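Engineer: I would like to see how this sequence folds:
(chains A, B, C and D)
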2 protein chains.
Amino acid sequence: MKDLVSRCPIEEVMQVLSGRWPTLLIYYLQEGTKRFGELRRDNPTISHRMLTLELRKLQEAGIVERTEFEGYPLRVEYNLTPAGHQLVPLIDALGDWWETHTSADVHEVL
Amino acid sequence: MKDLVSRCPIEEVMQVLSGRWPTLLIYYLQEGTKRFGELRRDNPTISHRMLTLELRKLQEAGIVERTEFEGYPLRVEYNLTPAGHQLVPLIDALGDWWETHTSADVHEVL
DNA sequence: AGTAAATTACGCACTTTTTTGTTACCAGGA
DNA sequence: TCCTGGTAACAAAAAAGTGCGTAATTTACT
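Structural biologist: Alright, predicted model coming up:
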């Protein structure tokens, strides 16, 4: 998904939230401040390249805040911004919708 | 995003909604029944292969319903399912969140 | 005391994998 | 022949993974 096809805000959010990692990272950051290495341990299958890339993207989108501390070894902390926190219930709502609509329903792919 | 990393419903929805097209297609189908060709005209930059692929995915996810009519030339109609309609406000909420949080805010990337 | 090694959060270049696009082809009636 | 709504095969593009390097300080060993 290189660039957008419309100027619709929905397309813009989805560009940020699309993929396996954004919502997972938001989910873990919701628990509180996390360091780079902690996030790696939280999701062991992400590569460090992807993790930095995704964190940068979320940061640019104003969802995540990055704080770098002086000293060695380098220490960096990640948090959700206020906007990021506001986003959480919306994402949860999607999860809830999915659960309810896949449980009772008719269209099951068996 | 080949397969999932957790059994979290959020990851499952995002697998379906990720990418440029799913939300756009839902948006257009919200207007009512659409035929394959109409959807192509609605989003001229999608390739017909992608369109079929995405529609199949949405269909399997229980968001879209496909109705095939006998006769030639072949006629096929697409609709949102009830679950699909319920999903719309949730997606809109994301768009609204994006709008409000990118407009007033501090983290602008200029 | 002196040296070696580990630590943290990446960036960069290169390779592999995955996704998307392109083209050709199908059916049968107007 | 064109129309519709596809499918299948191959090609191109994009995304993701891998391994190496880096910085300055602690810790580990001899």
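Engineer: CA only for contacts and neighbour counts going forward, please
Structural biologist: Will do.
Engineer: other SSEs contacting the strand or helix carrying residue A:56?
Structural biologist: Assignment of secondary structure by DSSP states H and E places residue A:56 within helix A:48-60. Counting contacts by 3 or more C-alpha pairs under 8 Å, 6 or more residues apart in numbering or on different chains; DSSP states H and E, helix A:48-60 packs against helix A:21-30, strand A:64-69.
Engineer: show me what contacts whatever residue of chain A ends up closest to DNA strand D?
Structural biologist: Distances between chain A and DNA strand D by C-alpha to the nearest atom of the strand are smallest at residue A:1, namely 3.7 Å. Contacts here follow C-alpha atoms under 8 Å, 6 or more residues apart in numbering or on different chains; on that basis residue A:1 touches A:15, B:19-20.
Engineer: can you pull the residues of chain A lying near DNA strand D?
Structural biologist: On the criterion C-alpha under 7 Å from any atom of the strand, DNA strand D has as its neighbours in chain A the residues A:1-2, A:19-20, A:45-50, A:71-74.
Engineer: now restrict the residues you listed to buried residues only.
Structural biologist: A:19-20, A:46 (16 or more other C-alpha atoms under 10 Å in any protein chain shown).
Engineer: low-confidence stretches in chain A?
Structural biologist: Low-confidence segments of chain A (pLDDT under 70): A:2, A:104-110.
Engineer: and it, which residues reach DNA strand C?
Structural biologist: Proximity of chain A to DNA strand C, by C-alpha under 7 Å from any atom of the strand, involves residues A:1, A:35-38, A:48-49, A:52-53, A:72-77.
Engineer: could you identify the most distant pair in the residues you listed?
Structural biologist: Using C-alpha to C-alpha, the two most remote members of these are A:1 and A:72, lying 37.4 Å apart.
Engineer: what residue lies at the spatial centre of chain A?
Structural biologist: With distances taken as C-alpha atoms, centre = their mean, residue A:22 lies nearest the centre of chain A, 2.5 Å away.
Engineer: distance of the residue nearest to residue A:55 when sequence neighbours are not counted relative to residue A:36?
Structural biologist: In this structure, residue A:55 finds its nearest non-sequential neighbour in residue A:64, 7.2 Å apart by C-alpha to C-alpha, 6 or more residues apart in numbering or on different chains. The gap separating residue A:64 from residue A:36 is 13 Å, by C-alpha to C-alpha, to the nearest Å.
Engineer: and what of residue A:13?
Structural biologist: 24 Å.
Engineer: longest helix in chain A, please.
Structural biologist: For chain A, the helix that runs over the most residues, judged by DSSP state H, is helix A:82-103.
Engineer: quick one: contacts of that one?
Structural biologist: A:23, A:26-27, A:30, A:62-64, A:108, B:8-13, B:62, B:83, B:87, B:90, B:93-94, B:97, B:101.
Engineer: good, wrapping up.
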